[in-house]
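A.B. asks: Compute the structure for the input listed below.
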Amino acid sequence: MSEVDKWAANGVKFIYPVIVYFDDCFDVEDPSYLLNKEFQRIISEKKVSADYEVKDVVMVNIEQLMRIEKFFAAEKLDLAYLINSYIEYKEEFELNQVFPFNKYIFQEARKVGYELKKTRWFDEVFENLEMLDRKRL
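C.D. replies: Now for the predicted structure:
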């Protein structure tokens with residue numbers, strides 16, 4: 001029996017459906033909320049054994065995880081803890097239901113020292129936009 005299973009009360013095994021994706025289009029609020037809502041509807045219609053508790057669907061962008069991988073390696077962040085605390089966070093208020101996991105993990109990563117720094121590419125694009133704006137005036 002794995003360590004995770006040993007923590008479950010009365011032998012109940014927790015199922016954590018996680019979708020890992022690459023496309024930034026899924027980083028907005030609605031896709032995760034709508035997918036989870038439909039997933040929970042389907043699960044409620046199925047006869048799931050009392051030996052299992054199926055948690056909410058969590059969607060995570062692989063690039064986001066890669067940006068904070070050093071915090072996982074240094075054990076400043078723990079993915080299992082983040083998933084569980086995110087699920088609890090969503091249950092606190094109705095508006096939290098639409099808050100994406102990626103935003104949640106960055107919020108938590110900032111608490112342990114993560115800083116999202118702009119790239120050189122960002123500076124170049126910004127300078128070009130400023131130049132185009134000045135030409136229009």
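A.B. asks: And residue 84, its phi and psi?
C.D. replies: The phi/psi pair for residue 84 (degrees, to the nearest 10) reads phi -60, psi -40.
A.B. asks: what about it, neighbour count?
C.D. replies: With neighbours defined by other CB atoms under 10 Å, the count for residue 84 comes to 15. Where C-beta positions appear, they are placed from N, C-alpha and C, glycine not excepted.
A.B. asks: gap between it and residue 39?
C.D. replies: From residue 84 over to residue 39 the distance is 18 Å, taken as CB to CB, to the nearest Å.
A.B. asks: can you pull out the helices in the protein?
C.D. replies: Assigned helices in the chain, in chain order: 3-7, 29-45, 62-67, 69-73, 79-92, 101-111, 120-136 (criterion: DSSP state H).
A.B. asks: surely residue 24 meets residue 61?
C.D. replies: Yes: if you go by CB atoms under 8 Å, residue 24 and residue 61 touch, sitting 6.8 Å apart.
A.B. asks: which of the two has more neighbours?
C.D. replies: Between residue 24 and residue 61, counted using other CB under 10 Å, the more crowded position is residue 61 (20 against 11).
A.B. asks: Which residue is the nearest non-sequential neighbour of that one?
C.D. replies: Counting by CB to CB, 6 or more residues apart in numbering, the nearest residue to residue 61 once its immediate chain neighbours are dropped is residue 102, at 5.3 Å.
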